[in-house]
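*Asks:* predicted model and sequence below, questions to follow.
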Number of protein chains: 2
Amino acid sequence: MQDFIFQNSTKIIFGKQKEQLVGQEAVVYGKKLLLHYGGGRIKQSGLYDTVVKSLQDQGIEIIELGGVQPNPRVSLVREGVALCKEHDINFILAIGGGSVIDSAKAIAAGTKYDGDVWDFFTGKAAISECLPIGVVLTIPAAGSESSSGTVITNEDGWYKKSSGHNTMRPQFAILNPELSYTLPAYQTACGITDMMAHILERYFTNEKNVDLTDRLCEAALRAIIHNAHTVLEEPTNYDARAEIMWSGTIAHNDLLGTGRIGDWGSHDIEHEISGIYDIAHGAGLAIIFPAWMKYVYKHDVNRFVQFANRVWNIEIDMNNLEKTALAGIKKTEEFFKSIGMPITLKEAEIGEEHLEEMAKKATENGPLGNFIKLYETDVYQIYRLAK
Amino acid sequence: MQDFIFQNSTKIIFGKQKEQLVGQEAVVYGKKLLLHYGGGRIKQSGLYDTVVKSLQDQGIEIIELGGVQPNPRVSLVREGVALCKEHDINFILAIGGGSVIDSAKAIAAGTKYDGDVWDFFTGKAAISECLPIGVVLTIPAAGSESSSGTVITNEDGWYKKSSGHNTMRPQFAILNPELSYTLPAYQTACGITDMMAHILERYFTNEKNVDLTDRLCEAALRAIIHNAHTVLEEPTNYDARAEIMWSGTIAHNDLLGTGRIGDWGSHDIEHEISGIYDIAHGAGLAIIFPAWMKYVYKHDVNRFVQFANRVWNIEIDMNNLEKTALAGIKKTEEFFKSIGMPITLKEAEIGEEHLEEMAKKATENGPLGNFIKLYETDVYQIYRLAK
């Protein structure tokens, strides 16, 4: 087990109608905030009105910035930073899913910095301080509601890059599973894939003595798999929605990664796709993760056997461990397909014309991943396996 | 799933020699602290010197209070409160296991209160504020290093009572598995039993839709069981000690209980034993928990079947679920025995003379437990099953 520091202070407020508490949670941080959100769904659903009322009841002044897109853009982040500086704002409330929260986090870091916020994503500057953030979660997927990271896309060259800092974790996150009832099946499935990928990135490690966290990862994966078809078939099933929502947070709150070095290669490989093609991150992961698994499993067949056996109940063939490992990968792929995800680039209508360019761009700052290091040719081969 | 609020801000600093960082972590809270510990083991091992040096290097003034006993006493807590008030102390550093940390927590609450600290344990007063606490953990067991509760014994009548508040969670906890190398096998096993009991108390719930946390509980139990014999046979096996130490924290950091109502009857029943007989809490739990299981399993045979199957790999006999449930209880009992725990009162040299009195005292403020409510006669029957 690796040495580690773990601290996750996000206050999780979980349950029915808990969005009504947002005002009293937010007012602790001041009487003026930036309300950050995406498109019209929260206005149609009435959530926007509920939140605004709760804030106004506490006498909080609201500066608004909507319009966050999936794969959130640095241009809007810059707009947010300017607004926060202009209005001397010291709290940001994000209503939405991972994109809105990530955008809010980048604004929170940028407001405390004199230079351009993109510096944090190129490595030119390091985050040391952020405005405090609160969250009302509407999409269980990214786990950004209690994570320390953010992923932002720069339209100038379509770079999708991550950054983070422990002070970036939201102060509070309100998780009401009812708010996910109206999520379309496709988006629900993208979220399920995303949270599974967050666990898998941590699971495939070279650390040999990580028994507890291995088992916790397997437990969370099994819970997600067990509840996935239920939420797709019964979108207003509170209990299944609750399991999925809480799983999405736990998948990415860093506890499951304690003492381990995760891989994260698949995320980086996928970022090139959703950076260029603007497909949902989860869908991109459903395509890339099985391809990555096929490309790397020989590096540690036993770990893939454990995965096949403990997560997918596949009997271990001691005479043919490789066969067991491959059966686990196949099950993963079939599962993504069963929840409506594309599992090839072709199914996502992505051709082969940019694969070389994406492989080059993905590795321009060095090789990807930790389970095994992936260079440009490796990444290209993974795209080819996914085509 | 029940609605819940979850916030655990304790900073975990995990790994080899991390006790050397205690000064720099503590100095954040001021230049004077109460150093709280138990007996001579930390002086023999050199840990005391390491900690004092690290504190002095930061220019921290140390007021000392040693002498914490297992089942920590309110008399010493009162002494600590007086010291903190007299010296205007605003930080407490606990070096030790659950008893020392619990004692420190009670001092932390008592210092912020004008009345007698025992009021918090009788329900006469509620905790609203605590001095901040830091921990250097030496005994993986109680999980007190990141929990919100404390258990204190009042020698005047031998009452063992619990209290707690979210502000009671330590600010930081330093977990170096090496510090547990010198723990005797019996104490190691008591710790293992204690952490398993913390998970089992949460596991046996009447909540029906708690799939994720069920699986996380099972994962942690399996990790503890998997590593238990290794730490007993190879006390200086870092990896196994690390798994056990981190499991002990996770067993009781409240994450595994989110959305559930735990039972806690066995803890209350056990407290009477270790309150009167001063045996280790873990040993008492090894005696009481299987007896409790035998007494209550018919209330929800299916949950006990799931436990037997998922934790102990017992094949489910669909023609005789009760048999499967009982096999799981037997396995639990056998496991405690295999790690050297007593599993009957007799083995712990406890006779029958106080059973009626303990049952009466345990229930004098009302019935115990949540899985099923236990009244005086129930508690007496459980003691009888354990004799």
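*Replies:* Ah, there it is.
*Asks:* residue contacts, residue A:322?
*Replies:* A:297, A:298, A:301 (C-beta atoms under 8 Å, 6 or more residues apart in numbering or on different chains). To be clear about C-beta, it is placed using only N, CA and C from the backbone, and glycine gets the same treatment.
*Asks:* please apply the same query to residue A:88.
*Replies:* residue A:32.
*Asks:* so which of the contacts of residue A:322 wins on neighbours?
*Replies:* Comparing these by number of neighbours (other C-beta atoms under 10 Å in any protein chain shown), residue A:297 comes first, having 21 neighbours.
*Asks:* now do that residue against chain B, distance only.
*Replies:* To chain B, residue A:297 is 23 Å away according to C-beta to the nearest C-beta, to the nearest Å.
*Asks:* phi first, then psi, for the spatially closest residue to that residue that is not a sequence neighbour.
*Replies:* Counting by C-beta to C-beta, 6 or more residues apart in numbering or on different chains, residue A:297 lies nearest to residue A:304, which is 4.6 Å off, once chain neighbours are set aside. Here is the backbone geometry of residue A:304 (degrees, to the nearest 10): phi -70, psi -30.
*Asks:* residue A:304: how many residues sit nearby?
*Replies:* Neighbours of residue A:304 using other C-beta under 10 Å come to 23.
*Asks:* isn't it right next to residue A:293, touching?
*Replies:* Yes - applying C-beta atoms under 8 Å as the test, residue A:304 and residue A:293 come out as touching, 7.2 Å apart.
*Asks:* tell me, what's touching those two both at once?
*Replies:* Each of residue A:329 lies in contact with both residue A:304 and residue A:293 under the rule C-beta under 8 Å, 6+ apart.
*Asks:* for chain A, what's the longest helix?
*Replies:* helix A:211-233 (DSSP state H).
*Asks:* the helix or strand that that helix is followed by near chain B anywhere?
*Replies:* Later in the chain than helix A:211-233, the nearest helix or strand by DSSP states H and E is helix A:238-250. Yes - contact of helix A:238-250 with chain B (C-beta under 8 Å from any C-beta of the partner chain) involves A:239, A:242, A:243, A:246, A:247, A:250.
*Asks:* how many neighbouring residues does the last one have?
*Replies:* Neighbouring residues of residue A:250 were enumerated by other C-beta under 10 Å; the total is 27.
*Asks:* do the same with residue A:119
*Replies:* Residue A:119 has 17 neighbours, counted by other C-beta under 10 Å.
*Asks:* enumerate every residue touching it.
*Replies:* Residue A:119 neighbours (C-beta under 8 Å, 6+ apart): A:113, A:125.
*Asks:* how confident was the prediction at it?
*Replies:* As predicted, residue A:119 sits at a pLDDT of 98.
*Asks:* phi and psi next, for it.
*Replies:* Torsion angles, degrees, to the nearest 10, at residue A:119: phi -50, psi -30.
*Asks:* what segments of the stretch 51-200 of chain A are strands?
*Replies:* A:61-65, A:92-96, A:133-137, A:149-154, A:159-164, A:172-175 (DSSP state E, counting those that start in this stretch).
*Asks:* return the member of those strands having the minimum mean pLDDT.
*Replies:* Looking at the strands of the stretch 51-200 of chain A, the bottom one is strand A:159-164 with a mean of 92.
*Asks:* which bits of the stretch 151-300 of chain A sit near chain B?
*Replies:* With C-beta under 8 Å from any C-beta as the criterion, the stretch 151-300 of chain A meets chain B at residues A:208-209, A:211-212, A:215-216, A:218-220, A:222-223, A:226-227, A:239, A:242-243, A:246-247, A:250, A:255, A:258-259.
*Asks:* buried subset of those residues?
*Replies:* Among those, the ones that count as buried by 16 or more other C-beta atoms under 10 Å in any protein chain shown are A:209, A:211-212, A:215-216, A:218-220, A:222-223, A:227, A:239, A:242-243, A:246-247, A:250, A:255, A:258-259.
*Asks:* from memory residue A:385 sits against residue A:289, does it?
*Replies:* No - applying C-beta under 8 Å as the test, residue A:385 and residue A:289 come out as separate, 11.1 Å apart.
*Asks:* now do the contacts for residue A:158.
*Replies:* Residue A:158 makes contacts with A:275, A:276, as judged by C-beta under 8 Å, 6+ apart.
*Asks:* show me which of the residues of helix A:238-250 next to chain B is closest to chain B.
*Replies:* If you rank those by distance to chain B using C-beta to the nearest C-beta, residue A:239 comes first, at 3.6 Å.
*Asks:* about what we covered before: out of residue A:385 and residue A:289, which sits in the busier spot?
*Replies:* In this view residue A:385 and residue A:289 are compared by other C-beta under 10 Å, and residue A:289 has more residues nearby, 28 against 17.
*Asks:* check which helices and strands whichever strand or helix holds that one sits against.
*Replies:* Here residue A:289 sits within helix A:281-296, counting by DSSP H and E. Helix A:281-296 sits against helix A:185-203, helix A:265-277, helix A:321-338, helix A:376-385, with contacts defined as 3 or more C-beta pairs under 8 Å, 6 or more residues apart in numbering or on different chains; DSSP states H and E.
*Asks:* which stretch in those has the least confidence?
*Replies:* Looking at the helices and strands packed on helix A:281-296, the lowest mean pLDDT belongs to helix A:265-277 (a mean of 91).
*Asks:* so which elements touch that one?
*Replies:* With contacts taken as 3+ C-beta pairs under 8 Å, 6+ apart, helix A:265-277 sits against strand A:159-164, helix A:185-203, helix A:281-296, helix A:355-362, helix A:376-385.
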